[in-house]
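Student: pasting the sequence and the predicted model now:
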Amino acid sequence: MTTADRVASFGTIDGQLAVGGMTLRRLAARVGSTPFFAYDRRLLSERLAQLRAVLPDRIALSYALKANPMPAVVQHLAGLVDAIDVASALEMQVALDTILPAERVSFAGPGKTAADIRQAVAAGVMIEMESSTEVGRVVTAGNELGIRPRVAVRVNPDFAVKGSGMRMGGGPQQFGVDSEQVPALLAQLHGADIDVLGFHIFAGSQNLRADIIVEAQRRTVDLVLELAEDLSGPLRYLNLGGGFGIPYFDKDEPLDLAAVAQSLGALVHGVLAERLPEARPVIELGRYIVGECGVYVTEVVDRKISRGRSYVVVDGGLHHQLAASGNFGQVIRRNYPVAIGTRACETSAGTHTVVGCLCTPLDLLGDQVELPEPQIGDLVVIFQAGAYGLTASPTAFLGHPSPAEVLV
């Protein structure tokens with residue numbers, strides 16, 4: 001997908017990028033300052049509609065709140081998804097403030113403290129246990145509060161998923177309980193007043209290969225069929241993870257969602273319906289839901305030529321959008337899609353290097369990108385900024401102000 005494709009997905013008005021039906025200049029005036037993140041409500045709703053249209057009806061959709069915890073975004077999505085997954089006590093509070101009931105909230109992640117678990121048990125949130133230590137903390141919290149905890153076991157599978165941007169399963173991991181240790185952990189729960197609902201298995205993220213995702217889901221179901229034999233009751237919860245990727249770079253091809261959905265349909269209506277009839281499978285997505293709905297907007301404050309190279313200096317940088325700088329998981333740095341949003345329909349006039357305002361050579365937002373001739377006061381847009389943007393960036397670095405966030 002090209003930068004032109006990104007511009008087209010948002011649309012233009014009077015030659016400017018439009019977000020939420022508002023020109024970029026007007027939106028900047030509404031926000032009051034740059035830089036800022038803007039998320040398009042229409043694109044969020046369309047992405048959920050697209051998922052609902054192709055995924056099997058029996059699949060529940062869960063939003064991984066860590067991808068973008070902005071309260072307005074979460075509130076909007078709460079009316080469109082079936083559940084929310086959180087990774088901290090603060091994220092849990094954001095989820096509990098939505099219209100979704102507590103039983104539709106799950107709490108995953110290593111390092112949950114006794115206080116975190118006590119809060120989750122008190123709220124009625126489902127806890128995805130990741131160690132035998134957490135089992136003990138859940139039992140203690142339930143006994144002290146007089147509440148029967150709702151739990152699942154997060155499993156570290158015995159297989160890895162190739163092609164993922166970040167591997168979160170297979171081999172040694174800080175995530176989950178090794179699959180071969182799950183029977184012993186379940187035995188630890190025998191006799192405890194705990195409602196064990198099922199399993200969560202998530203092997204990798206940011207995958208654009210439908211065939212790899214399909215194979216991972218098949219292997220996940222095979223593993224769950226084995227593990228379910230050690231449950232004391234029927235399996236009711238089966239989180240298959242997600243890992244659906246989005247195209248960040250020009251040569252990336254979008255995920256073939258239809259192929260994933262077709263395979264899921266066969267699993268859900270075949271193996272799972274026959275072998276685990278009480279289980280409602282869950283697909284948990286974060287980046288795939290919010291990643292393409294957001295832009296990071298920053299103003300050009302200076303232009304300079306250094307030994308023949310054109311530098312465009314903006315008032316934002318890696319302290320707000322670390323991923324776009326290439327310092328958040330990229331082995332070989334590649335440019336996120338970049339455009340001059342206030343002149344979105346103009347053709348390129350040459351290559352320019354877009355840098356932030358920080359005093360470090362790491363603050364690089366676009367290396368030798370094709371742009372119209374930049375001018376001081378132009379608004380530069382970084383696309384694919386809806387996920388792992390502000391909250392995944394070192395906002396305190398060098399003492400610059402934090403950006404605003406708006407949902408329009």
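Tutor: Structure's in. What do you need? No experiment lies behind these values; they were computed from the predicted model shown. Residues are numbered from 1 along each chain as shown.
Student: please enumerate the helices of the chain.
Tutor: In the chain, the segments counted as helices under DSSP state H are 3-10, 24-31, 41-54, 71-78, 89-96, 114-123, 132-145, 182-189, 210-227, 257-266, 273-275, 287-290.
Student: so which of the ones you listed is the most surrounded?
Tutor: Scoring the helices of the chain by mean neighbour count under mean count of other C-beta atoms under 10 Å gives helix 287-290 as the most buried, with a mean of 26. (C-beta placed from N, C-alpha, C; glycine too.)
Student: helices or strands next to that helix in the packing?
Tutor: On a contact count with 3 or more C-beta pairs under 8 Å, 6 or more residues apart in numbering; DSSP states H and E, helix 287-290 meets helix 41-54, helix 71-78.
Student: per-residue confidence averaged over that helix?
Tutor: Helix 287-290 shows a mean pLDDT of 97 in the predicted model.
Student: what do you get for stretch 246-259?
Tutor: Average pLDDT, stretch 246-259: 93.
Student: buried residues of that stretch, list them for me.
Tutor: Along stretch 246-259, these residues count as buried under the neighbour rule (16 or more other C-beta atoms under 10 Å): Ile246, Pro247, Tyr248, Leu255, Leu257.
Student: any idea how far Thr347 is from the residue nearest to the third one when sequence neighbours are not counted?
Tutor: Looking back up the chat, that one is Tyr248. Setting aside the residues directly before and after it, Tyr248 is nearest to Gln384 in space (C-beta to C-beta, 6 or more residues apart in numbering), at 5.2 Å. As judged by C-beta to C-beta, to the nearest Å, Gln384 and Thr347 stand 22 Å apart.
Student: with Val408 instead?
Tutor: Remark: distance between Val408 and Thr347 (C-beta to C-beta) = 27 Å.
Student: quick one: which of the two has more around it?
Tutor: Legend: neighbour count by other C-beta atoms under 10 Å for Val408 and Thr347, higher for Val408 (16 against 8).
Student: quick one: contacts for the more buried one?
Tutor: When contacts are counted by C-beta atoms under 8 Å, 6 or more residues apart in numbering, Val408 is found next to Val19, Gly20, Gly21, Met22, Leu27, Ala38, Tyr39, Asp40, Arg41.
Student: skipping its backbone neighbours, what lies nearest it in space?
Tutor: Across the structure, with C-beta to C-beta, 6+ apart as the measure, the residue nearest Val408 apart from its sequence neighbours is Gly20 (2.9 Å).
Student: now do the contacts for that neighbour.
Tutor: Counted by C-beta under 8 Å, 6+ apart, Gly20 has contacts Leu27, Ala38, Asp40, Arg41, Arg42, Leu407, Val408.
Student: do the same with Ala387
Tutor: Contacts of Ala387 (C-beta under 8 Å, 6+ apart): Ala67, Asn68, Ile246, Gly286, Arg287, Val290, Gly291, Gly294.
Student: would you format those as JSON lines with distance to Gln93 included?
Tutor: As requested, these are exported to JSON lines (distance: C-beta to C-beta, whole Å):
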{"residue": "Ala67", "distance to Gln93": "17"}
{"residue": "Asn68", "distance to Gln93": "16"}
{"residue": "Ile246", "distance to Gln93": "28"}
{"residue": "Gly286", "distance to Gln93": "18"}
{"residue": "Arg287", "distance to Gln93": "22"}
{"residue": "Val290", "distance to Gln93": "19"}
{"residue": "Gly291", "distance to Gln93": "24"}
{"residue": "Gly294", "distance to Gln93": "23"}
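Student: Thr391: which of those residues is nearest?
Tutor: Minimum separation from Thr391 among the contacts of Ala387 (C-beta to C-beta) is found for Asn68, which lies at 7.6 Å.
Student: that closest one and Leu407 touch, don't they?
Tutor: No: using C-beta atoms under 8 Å, Asn68 makes no contact with Leu407, being 10.0 Å away.
Student: okay, those two: which has more neighbours?
Tutor: When Asn68 is set against Leu407 and neighbours are counted by other C-beta under 10 Å, the residue ahead is Asn68, at 29 against 20.
Student: residue contacts, the more buried one?
Tutor: Counting by C-beta under 8 Å, 6+ apart, Asn68 makes contact with Tyr39, Val74, Gly286, Val290, Gly294, Gly386, Ala387, Tyr388, Gly389, Thr391.
Student: show the model's pLDDT score for it.
Tutor: pLDDT, the model's per-residue confidence, is 98 for Asn68.
Student: how far away is it from Ser325?
Tutor: Distance from Asn68 to Ser325, by C-beta to C-beta: 18 Å.
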